[in-house]
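In: sharing a sequence plus its predicted fold:
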Amino acid sequence: MALTLSDVQRIAHLARIDIDAREATEVHGKLQAIFALVDQLLAVDTTGVTPMAHAQDVALPLRADAVTERDQHARFQAAAPAVEDGLYLVPRVIE
């Protein structure tokens, strides 16, 4: 992807970042280097490579999916300023 200096200045304007010409030139060079690295990564043939979630082949221990706490919703709702039909009532904030 080709990025021009005017593109960098436009992006800075859209982001409301005040940069001068020297800073824009520096940012342009850094962005070009990043795009070059991305192009290198895209050039690698990954056909047949299985995507992975972690660099090591590890499995996390799983616990049983069981309820471990007793139901206390009535206790919590008793402390609420307003409750109706098991739901918390809150003031309207959007008209």
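Out: Perfect, thanks for sending it.

In: which residues of the chain fall in helices?
Out: For the chain, the helices identified by DSSP state H occupy 5-14, 21-43, 73-78, in order along the chain.

In: nearest to residue 49, out of those?
Out: Distances from residue 49 to each of the helices of the chain were compared using Cβ to Cβ; the shortest belongs to helix 21-43, at 12.7 Å. Glycine gets a C-beta too; all of them are placed from N, C-alpha and C.

In: now that closest one against helix 5-14, angle please.
Out: Computed by axes from the mean of the first three to the mean of the last three Cα atoms, to 10 degrees, the angle separating helix 21-43 from helix 5-14 equals 110 degrees.

In: residue 61: which of the helices of the chain is closest?
Out: With Cβ to Cβ as the criterion, residue 61 lies closest to helix 73-78 of those, at 30.0 Å.

In: so what touches that closest one?
Out: Contacts made with helix 73-78 from outside it, assessed by Cβ atoms under 8 Å, 6 or more residues apart in numbering, are listed as 83, 86, 88.

In: where's the dip in pLDDT among the residues you listed?
Out: Sorting the contacts of helix 73-78 by confidence puts residue 86 at the bottom, with a pLDDT of 90.

In: what number of residues lie near residue 8?
Out: Neighbour count of residue 8, defined by other Cβ atoms under 10 Å: 21.

In: just residue 32 next, same as before
Out: Applying other Cβ under 10 Å, we find 14 other residues in the vicinity of residue 32.

In: got any ranges where this protein has weak pLDDT?
Out: Applying pLDDT under 70 to the chain picks out residues 1.
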